[in-house]
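Got a sequence here, can you build the structure:
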Amino acid sequence: MTSTEADVSFIKWDKKNTELVDLLKGYTKAELVDQAERQAVAVKKSWNKIQMVNVLAENTTEQAETIYHPILKDVLIRLPDLETNIYRVKTLTNIEGFMPLIKKGFFFVAKDADSILLLIPEEILFSVRDRLPSDNKLAEAVSSSDNKKAQILNSWKEKAMAIYGNVSLEHLKTTWNRYFDEPVTIEEIKDLLN
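Okay, here's the model as predicted:
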């Protein structure tokens with residue numbers, strides 16, 4: 001089902017701030033009440049807009065860091081980078097996959113001339129980005145993976161040498177690619193064995 005502009009609450013955006021509180025302020029009071037109902041947050045219609053925004057911001061941040069963190073992580077790591085939090089699209093169909101998160105209040109949409117802006121609050125972007133493994137940890141994981149490959153290849157090489165007296169790199173490559181989903185090249189085998 002495609003979303004139409006009638007299905008989506010566009011915020012009024014001041015084009016400066018992308019903090020959650022500022023984006024929530026872009027909703028009307030009635031839209032804030034609807035958002036509170038979708039999040040199962042108790043707000044009173046008699047509250048002023050700022051009170052509602054503060055309660056919703058706190059709840060949204062808490063959910064983003066707990067229950068919805070795995071979902072947000074899966075979505076955000078597919079974006080071009082984890083620094084950009086404003087994306088310009090032509091139509092709502094370009095961001096159809098984001099609609100559940102927009103309706104839950106994690107992402108926002110605003111109109112800008114002839115396009116639509118997908119806005120990701122800084123707090124949500126940072127909470128996901130800060131909990132991802134650092135580049136050092138990723139490098140360590142890759143290094144550990146290479147060490148494991150080298151151990152397996154050395155073991156096979158030693159066994160083949162003991163049985164046949166020699167072993168070709170082509171044989172190691174063929175054997176590896178038969179048993180593992182991640183193929184290796186002869187050059188990689190040379191690097192791993194040295």
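
Leaving out sequence neighbours, find the closest residue to the residue positioned nearest the centre of the chain.
With distances taken as C-alpha atoms, centre = their mean, the residue of the chain nearest its centroid is L76 (2.2 Å). Of all residues beyond its chain neighbours, the one nearest L76 is V128 (4.9 Å), with distances taken as C-beta to C-beta, 6 or more residues apart in numbering. Any C-beta I mention is one placed from the backbone N, CA and C, and that applies to glycine too.

Let me see the contact set for the one you found.
For V128, the contact set (C-beta atoms under 8 Å, 6 or more residues apart in numbering) comprises 64, 69, 72-73, 76-77, 82.

what helices or strands is the helix or strand V109 falls within leaning on?
V109 belongs to strand 108-112 when assigned by DSSP states H and E. Applying 3 or more C-beta pairs under 8 Å, 6 or more residues apart in numbering; DSSP states H and E, we find strand 108-112 packed against strand 115-119.

Note down every partner strand of the strand it packs on and its orientation.
Its sheet considered, strand 115-119 pairs with strand 86-89 (antiparallel), strand 108-112 (antiparallel) by DSSP bridges.

Please identify the buried residues of the last one?
Spelled out, it's strand 108-112. For strand 108-112, the neighbour count (16 or more other C-beta atoms under 10 Å) marks 108-110 as buried.

Contacts for it next, please.
8-13, 23, 26, 88, 92, 95, 102, 116-121.

Same check on stretch 181-194?
Residues contacting stretch 181-194 (C-beta under 8 Å, 6+ apart): 146, 149-150, 153-154, 157, 169-170, 172-173, 176-177.

can you pull out the helices in this structure?
Along the chain, the segments classed as helices by DSSP state H run 20-24, 29-38, 49-65, 69-76, 99-103, 122-130, 135-164, 169-179, 186-193.

want to try CSV for the strands paired with strand 115-119, with mean pLDDT and distance to A162 as columns?
Shown next, in CSV, are the strands paired with strand 115-119 (pLDDT from 0 to 100; distance: least, C-beta to C-beta, whole Å):
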stretch, mean pLDDT, distance to A162
strand 86-89, 89, 58
strand 108-112, 92, 65
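
nearest spatial neighbour of L125, skipping sequence neighbours?
N85 (5.0 Å).

do A150 as well
Nearest to A150 is L192, by C-beta to C-beta, 6+ apart, at 4.3 Å.

quick one: W47 from K29, how far?
Using C-beta to C-beta, to the nearest Å, one obtains 9 Å as the distance from W47 to K29.

show me the contacts for R88.
With C-beta under 8 Å, 6+ apart, R88 has these contacts: 112, 115-118.

By mean pLDDT, which helix or strand of the protein comes out lowest?
helix 135-164 (a mean of 71; mean pLDDT, DSSP states H and E).

Could you measure from D81 over to L172?
Distance from D81 to L172, by C-beta to C-beta: 38 Å.

measure R178 to S145 for me?
19 Å.

Out of these two, name the residue with the larger neighbour count.
S145 (11 against 8; other C-beta atoms under 10 Å).

For Q35, give me its contacts.
Counting by C-beta under 8 Å, 6+ apart, Q35 touches 9, 24, 27, 56, 105.
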